[in-house]
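In: the following block contains a protein sequence and its predicted model.
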Amino acid sequence: MSEALPEPADAPHADGLDLGFVSMGYAPDVGGIETHTAEVARELLARGHRVHVLCIDPGSDAPFLSVRDEIVDGVGVRRVSYRYQDHRALADLGSRRAANDVVMAWLAGVPTDVVHVHHGSPFSAGVLGAIHDMGRPLCVTLHDYWFLCPRGQMLRVDGVVCERVDHAACAECLGATWPHLMPSTGGELRGPRGAHLGDDEQAARARSEHALEMLALADRLFTPSSAARAVFERCGVPEGRIRLLANGVDTRNLPQAVAALRRAEARRDGVLRVGVLGSAQPSKGVLEFARAALSIETRELSIEVHGPVPDYHGDGTYAAELRALSLADDRLQLRGPYARADLPRVLARLDVVAVPSRWNEVFGLSAREARAAGVPVLASERGGLLDLAGDPGVRLLSSEDFSAWRAALEELLSDRKRLAFVPAPGGRTAHELALELEVHYVDLVRTLLGREPALLFEPGQDRARPRHDAALTERTLAQKVWRFLRGD
């Protein structure tokens, strides 16, 4: 009898929640969302939860939609080989059967108490419906504007920043970005739900309305700044639906590491090194900033771009112009992507970090990392960057008037005493964010799944939970019954 009735597991994995993260990529992939999800996952693992990630692997040459499972620092990661090669209509950004199948297969094989979508673009907005239909509590963090704008940042091809959705303008912009998806230039004449469409504006409207319908299915909607929330509310998300949930930035030991590197590699060349961190794409204003900076006739200025210089939705014009400017003027250095572990080294060599964003930044990770390390920041008066107002180490400038950026650099060149390397007061950490997320996850499990989860800590607190909690008592009783049946 004892061989037929093995004892239930009595290991630590019985405690905590199983949490599913859906994202664009995951560590060691480079990017703001990739960094964010990895830091939150690490904090949740330390609290006894399990984290499972579904993301795409766009650089893979494996067969279409094939999957690769791996463990990354204790997190189970499923990477799907996908390069957006199945898009035939604008509607495919809203709903694709193949994407739904991938997500449902993942959910069928991976235990998930709560699913948290950090970005929907790799799998389409429709996967929110698939997750909802499978009965999983659903959270969505709006890290950018992809649900409103397929380009992600509500920045049109002509450089105009959209403050709300205008379907006629969307049709023109999306037609210039992806002509093969639009009805007027060969895209299939169907909407996300299969309805026949007659023109580009109808296609833009159908995608937008479907995305809002999918967002309405989420049990929790989060975004890290009030500016981003205002944009979504102007575009149709009901007021009060989106909760502010400021991102946490893992900067532990960053100030000390940067200071130590500065001391070890002290410079006396007299050059003002200004860094731009992150992907150099049109929404980031890197080219416009570089042109303004290099118009200053001095050899005592260097502009360093630390990050990839990618095509933007298939258009390589901006990247080519930035590379050409770098070749024409050696004061502009394109230093390429850097690993997360290299951040202290990158910041230590800089005198100033510039964040010349042209779009309404939802958060602005590089600015906050720089300030945590004590590096002064010049930033656009845009979106979530406005939350930095009041920090004496930050100067906010117009995102439209780059002569103001030139003037700010000239002031720094003439008076280096303005460069005070003082770390900003302690900001919100990834640990604090994880605690707040945990409260939401636990509440969803209680209210939607009707059970009390077994936890190692009190929800949202660093206080260990008493080991005689109800869930533990229930498991212990079950184990005693099992041992009795085995004759132990």
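Out: Yes, it's here.
In: for the rest of this, base every contact and every neighbour count on C-alpha atoms.
Out: Noted.
In: can you give me the strands in the stretch 151-300 of the chain?
Out: With DSSP state E, counting those that start in this stretch as the criterion, the stretch 151-300 of the chain has strands at 220-223, 242-244, 272-277.
In: want to throw those into CSV with distance to V375?
Out: Shown next, in CSV, are the strands of the stretch 151-300 of the chain (distance: least, C-alpha to C-alpha, whole Å):
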stretch, distance to V375
strand 220-223, 26
strand 242-244, 27
strand 272-277, 10
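In: need these in a markdown table with mean neighbour count, can you?
Out: As requested, the strands of the stretch 151-300 of the chain are arranged in a markdown table below (neighbours: other C-alpha atoms under 10 Å):
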| stretch | mean neighbour count |
| --- | --- |
| strand 220-223 | 21 |
| strand 242-244 | 18 |
| strand 272-277 | 22 |
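In: for S121, find the nearest of these.
Out: Comparing these against S121 with C-alpha to C-alpha, the closest turns out to be strand 220-223 (16.2 Å).
In: list the contacts of the closest one.
Out: For strand 220-223, contacts defined as C-alpha atoms under 8 Å, 6 or more residues apart in numbering pick out 138-143, 215, 229, 241-246, 362.
In: ok, these vs R428, which is closest?
Out: Of all the contacts of strand 220-223, R428 sits closest to A246, with 7.6 Å by C-alpha to C-alpha.
In: list the residues that contact that closest one.
Out: Contacts of A246 by C-alpha under 8 Å, 6+ apart are T223, P224, S225, R428, L433.
In: closest one to R273 out of those residues, please.
Out: Checking these against R273 by C-alpha to C-alpha gives R428 as the nearest, at 27.8 Å.
In: name the nearest residue to the closest one, ignoring sequence neighbours.
Out: In space, R428 comes closest to G248 once its chain neighbours are excluded; the distance is 5.0 Å by C-alpha to C-alpha, 6 or more residues apart in numbering.
In: can you report how many residues neighbour the one you found?
Out: 20 (other C-alpha atoms under 10 Å).
In: what of V40?
Out: 23.
In: could you do the one 10 residues further on as well?
Out: Residues lying near R50 (other C-alpha under 10 Å) number 23.
In: how much space separates the residue lying closest to V271 once chain neighbours are set aside from K417?
Out: Sequence neighbours aside, E300 is the residue nearest to V271 in space, at 4.2 Å (criterion: C-alpha to C-alpha, 6+ apart). As judged by C-alpha to C-alpha, to the nearest Å, E300 and K417 stand 15 Å apart.
In: settle it for me: which of the two has more neighbours?
Out: A count of neighbours by other C-alpha under 10 Å puts E300 above the other of E300 and K417, at 13 against 8.
In: the more buried one against G270, yeah?
Out: Yes: applying C-alpha atoms under 8 Å as the test, E300 and G270 come out as touching, 6.3 Å apart.
In: and the lengthiest helix in the chain, how far out from the chain middle?
Out: If you go by DSSP state H, the chain has its longest helix at helix 430-448. Between the centre of helix 430-448 and the centre of its chain there are 19 Å (C-alpha atoms, centre = their mean, to the nearest Å).
In: which other helices and strands contact it?
Out: If contacts are counted by 3 or more C-alpha pairs under 8 Å, 6 or more residues apart in numbering; DSSP states H and E, helix 430-448 sits against helix 32-46, strand 114-117.
In: give me whichever of the ones you listed is most buried.
Out: Sort the helices and strands packed on helix 430-448 by mean neighbour count, taking mean count of other C-alpha atoms under 10 Å, and strand 114-117 sits at the top with a mean of 24.
In: per-domain residue ranges of this structure.
Out: As given by automatic domain parsing, the domain ranges for the chain are 17-244, 254-418.
In: OK, contacts around A99?
Out: Shown in contact with A99 (C-alpha under 8 Å, 6+ apart): F123, S124, V127.
In: any of these buried? List them.
Out: Buried members of the contacts of A99, scored by 16 or more other C-alpha atoms under 10 Å, are F123, S124, V127.
In: can I take it that the first one is in a strand?
Out: No: F123: not assigned to a strand; according to DSSP: H, G, I helix; E, B strand; the rest coil it is coil.
In: need the pLDDT of it.
Out: Note on F123: pLDDT of 91.
In: would you turn the buried ones among the contacts of A99 into CSV with distance to G275?
Out: Converted to CSV, these look like this (distance: C-alpha to C-alpha, whole Å):
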residue, distance to G275
F123, 34
S124, 34
V127, 38
